Structure formats: structure tokens, C-alpha cells
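S.K.: the sequence isn't on hand, but the structure is:
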């Protein structure tokens, strides 16, 4: 384990100076700060709870690092997290990092230099080695960071099974899955595994269609239209609701009869697309759990590595 | 103008102590901090730029205080603001304050106690006297706080005219406006004024229907359905897109032929409801302008009181 002394040696300064940089105390030149911060980053040093508590007058700030808030699922989750943090006396610092690895790293540096008390990570550009400092107060949502980082997620596997069962029950036989990128670092791939298992149980053939999340919406529309025209699927499981809406609309334009099941189940979808059948993630419970875990981690409590909350099949009303 | 000495007198501490509270420097008891912060709030004292710059190692944090991010218009605006702040070396602290006056006041206190460098206000629970400290780095979006606070908004008046013209041009004669609460502290009421002027020019009778924003969506649906059943409107101008979608859907369920125009024009609406005609606010320009103004205000530059950006009529494609 990296100690304060190691950082001091690497930076060529005294232990007291390192401690003052961590706690932003007394006069410090910019050169000293950057020397010490570089050493901390190079060594993946995270100030421990005791060092942090020295800071005392902390703003009690939690970084929320997520790909985007323009996706309504993240918007609902993040709003709930922010509100739950506020009740517990913490403030939320928001960072949207879609396709921006460096920005994620910058926010990790804020944690290293003790400017935020903890981070809830819902983005996934970084590689595991970035997170090697496993003692830091980090809790991940739906992302596998390191084997030691706590991950909160919905029961994605069961969700995949439920969605596929719903399609089979409505009479579909040729059932495709429309899924985003293959994130082996995200437990969301379990949605596909659930789909595969349920098809196998029913001796049906899988059809895996990748819809990369970095495609623009216009491109997605064009590609999905082609896919629907060139195949005779009678059921599609989309691993997110917004894709499910597109597929439903395009199928209806093409006068194709198609059963569609989505995934996420936001308040927005329930209200504005009540006819979409979907797998509902327990957004409020996920938010409360993430907040509770990050605060317990900051307070030095032991928390488990994996927390999984159940999902529900929500039938659309036509 | 309130001085450091006044705060010290009121709190019964030395000027040095007040300065240390502002800059979170040295040992301070919780009792001292809260005494000084209360005195600052009571006197509406804002540390000036010089006092702030003493802090030196500031996190460069801007509070974004908005009603919600679950409304896609706010989500797109806030994401863009956060990204523009990041490029300029600032971080975003998010607070959602819908119907929560106390929370807004709490974030204002962070500004008073110098824990954030500035605030962009998009919420509107507070009364003007809360903002009496006019020198603070505050920029408002679509909200009239005090006569001296800078307000950025779209050209709401022109938007109301354009929307009403579009309805008249599609042949509508009995045109209603569906609008939220009467916020005399928000320039969005100008949307209604534009509607009224354009009807008058065409010698048409106005029909103002209030859809309070605090109604749940279910209640909104029930009430809008009744309104559509009990009236024979042939055109409706909704002052936001989400209400416009509801009205369109409900009218189509009731087999009523109705022209609808919305307001906001997000990327989301353009992509997922391409058939909605709406007044497009320039979201990216609004975000860039808000960020530029708050940073200039922090840097001590003079900025104007009112900034208004043009809107565009966007035709839906059926």
C-alpha cells in the first residue's frame, strides 16, 4: 500500500507539504501543488479517511460521472441521486463524459487531490488500471471497474429473460435482440445473456443485431429501417427504451407487425409512451442505494462488491 | 455597501475570523462558522472579488440551480452548460429545486460563504429580496430576479407571435394557448403576450387555458382531455413541447382535427417527434452565453442586464 512518505519521496518534498496539498492548507506554490499531485497520480495514491478528515471544512462534494443526462434514464437516476445526496448533507458535482476518456481521468484526479469526497461512476471510458487505487470512495453504476470496486446494478440477466419470455408469450418465434456496444466492462451484457438462455430453453435461434451507441440518431433510424426491411423478425428485444421507440415507429411506418420490448422503464416512458412494454429498473431504489453506499464508503465502513436490484416486466397499454 | 467590518460586528467576531470563514482557512469551530454565515446572510454580504481571490486554491465551481433535469429541455441545456464550463476550467455543481424554496436558499448560502464561485439560476421559487446582494456572480436563465440581475432568455415574445402565425397560416380560427403558471417573475409570460398580439392583429378571440406545472402528468392528461372535449378549438399553442405532445396525442385519440404548435425545440423532440411543429430555442447558444457571462461576472467585468437570443419556427414533418 502506498503511503504518504512514498508520495513525499517521489515529489521530493516533505510529508507535511504533501499533507498540506491534500488538505489545501497554508501557502502552496502552484509548482509544489502540481509536483505533489503528479506524484499522487503516478503512484495511484488516495488519501485515506483519516487524512481526509483532517480537511474538516469540506464542502461534502460527490462527483457524478455519467455519459450524458440527455438520456432520460440517466436524467431520472441522476436527479434522484442529487436529491438523496442533498438530504444526507452532500452536494453533487456533475460531469458528462460520453466518449471523453480524459475528462473522466480529470475527475478521478479531483478525488486523488481530495477536492471531492467520493465519486459515483456511471461512465465507462477508463480502463481498470486507472482505478487501481481501490481504497478510494468510488461506487460504480452498471460498470465493472476493478474486481474490488463496488458495483450497483439492476438484475440485467433476469431482465433479459423476462423480456424474451414476454415476446415468446405474445407469439413471436423469430426474435432479435437490438443491443448497443459490447461492453465487457458493463454488466448490461447480461441482458443479452438472459435473452440467449431463454431462446435456448425454447429452442429458438438467436439474432444479435448491434446498434452502436455512438451512431447518431439519424444513422440509427436508417440502419434499423434497413434491418427491419431485410429480415422478417416478429419480435425484437431492445436493450434500451429509446431504441425500442424507434423500432416500434419504424415498424409501424413499414406496416410490419412486430412485438417490441424495451429496457429501462422511466417515468417519462410510462407517461409519454404508455403502450411500450418494457423492463422497469427500480430507479429510485438504485439512486438511494448508490448514495447510501458512497457515504458509507467515505465513512470507512465495509461495503460489498456487488449489489443487484430486481427488475419488473411492465406491460404497455394500447 | 456592506463591508467585512459590518459582518464582524454583527457576528461578534474579529474581521480576521470573518475572512478565515470566507476562505475556510485555519481552525474554525462549527459555532463560529454558523455565526459568521448567519451574519453574512442577514446582511446579504457577498465577499468581493478581492476577498474571493484570497482563497486561491478554489475548485472553480459554478452552481447550476434549475427546477429539474427530467425535462429534456433542461437536460440538454444543463449538459451543454456543464461541458462549456469544463472547457473554461470550471466544474458544475447541480441542484434541482422544483418547488423547494429552502433548497434554493441553501445554494445561495454557498455563494455567500464563498464555496461556489458563481451560480446560474434557472429556478424561480425565491423572491427578489433573497437576491438583494446584487454584486454576487449570479446570472439568471429566463427568470427576473432583481432589476440588476443579468437575465438570459430566448425571444419569448417573438416566439409567441411566430407560433400563433403558424396556426393562423394552417387555417386555424379558434386558437387557444395552453400555458403553465403565471410567472410574473419569468420572461416566458411573453410567449402569451406574443400570442395575444398576433390574435388581435387578426381580430381573433384569445382563449387562455392554464395547465399548472405542478399538476402530475396523469392529472394533466385528464384535464386536457376534458378541455378538448368541451371546446371546439382548431389550433392550440402550447408553451412547452411536452404539453404539445400530450395535446396532439389526446386530440388524435378523440379523433379531433387540431393544429398544435409547441415551444422549446430540443434535439430529442426533433428526433423522436419529428412531426411536431415548434418554436426552437437556441439551446447551445444559450448555454455558451450563460457560461461566458458568469465567468465574466466572476472576473469582475461589467455585463449587461438583458440578453435575448432569437428563436426559430421549426415545421414538423408528417
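M.R.: Received, thanks. Values in this document were obtained by computation on a predicted structure and should not be read as measured data. Numbering: from 1, shown residues only, chains lettered A, B, ... in the order given.
S.K.: all contacts plus neighbour counts: C-alpha atoms, from now on.
M.R.: Will do.
S.K.: ok, then the element right after the helix or strand of chain A with the lowest mean pLDDT?
M.R.: Using mean pLDDT, DSSP states H and E, the weakest-scoring helix or strand in chain A turns out to be helix A:49-55, at a mean of 44. Heading C-terminal from helix A:49-55, the first helix or strand you meet, by DSSP states H and E, is strand A:61-66.
S.K.: let me see the mean pLDDT of that next one.
M.R.: Strand A:61-66 comes out with an average pLDDT of 93.
S.K.: which parts of the helix or strand just after that strand are buried?
M.R.: Sequence-wise, the next helix or strand downstream of strand A:61-66 (DSSP H and E) is helix A:72-87. Within helix A:72-87, the residues that count as buried by 16 or more other C-alpha atoms under 10 Å in any protein chain shown are A:72-86.
S.K.: one more: stretch A:190-199?
M.R.: Here stretch A:190-199 shows A:190-199 as buried, counting by 16+ other C-alpha under 10 Å.
S.K.: repeat for stretch A:310-318
M.R.: Going by 16+ other C-alpha under 10 Å, stretch A:310-318 has these buried residues: A:311-315.
S.K.: same check, this time on stretch A:214-227
M.R.: Buried, per 16+ other C-alpha under 10 Å, within stretch A:214-227: A:217, A:220-221, A:224-225.
S.K.: cool, and stretch A:35-43?
M.R.: Neighbour-count burial for stretch A:35-43 [16+ other C-alpha under 10 Å]: A:35-41, A:43.
S.K.: restricted to strands, list the buried residues of stretch A:310-318.
M.R.: In strands, defined here by DSSP state E, the members of the buried residues of stretch A:310-318 are A:312-314.
S.K.: circling back to that earlier point, in TSV: the buried residues of stretch A:190-199, plus secondary structure, pLDDT and distance to chain B.
M.R.: Formatted as TSV, the buried residues of stretch A:190-199 follow (DSSP: H, G, I helix; E, B strand; the rest coil; pLDDT from 0 to 100; distance: C-alpha to the nearest C-alpha, whole Å):
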residue	secondary structure	pLDDT	distance to chain B
A:190	helix	92	27
A:191	helix	94	24
A:192	helix	94	25
A:193	helix	95	29
A:194	helix	96	29
A:195	helix	97	27
A:196	helix	97	30
A:197	helix	97	32
A:198	helix	98	31
A:199	helix	98	31
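S.K.: which bits of chain A sit near chain B?
M.R.: Within reach of chain B by C-alpha under 8 Å from any C-alpha of the partner chain, chain A has these residues: A:24-26, A:57, A:59, A:68-70, A:72, A:75-76, A:79, A:82-83, A:91-96, A:115, A:217-218, A:246, A:271-272.
S.K.: nearest to chain B: which residue in chain A?
M.R.: Ranking the residues of chain A by distance to chain B (C-alpha to the nearest C-alpha) places residue A:93 first, at 4.3 Å.
S.K.: what separation is there between that residue and residue A:66?
M.R.: Counting by C-alpha to C-alpha, to the nearest Å, the separation of residue A:93 from residue A:66 is 11 Å.
S.K.: between the two, who's got more neighbours?
M.R.: Remark: of residue A:93 and residue A:66, residue A:93 carries more neighbours, 24 against 21, as counted by other C-alpha atoms under 10 Å in any protein chain shown.
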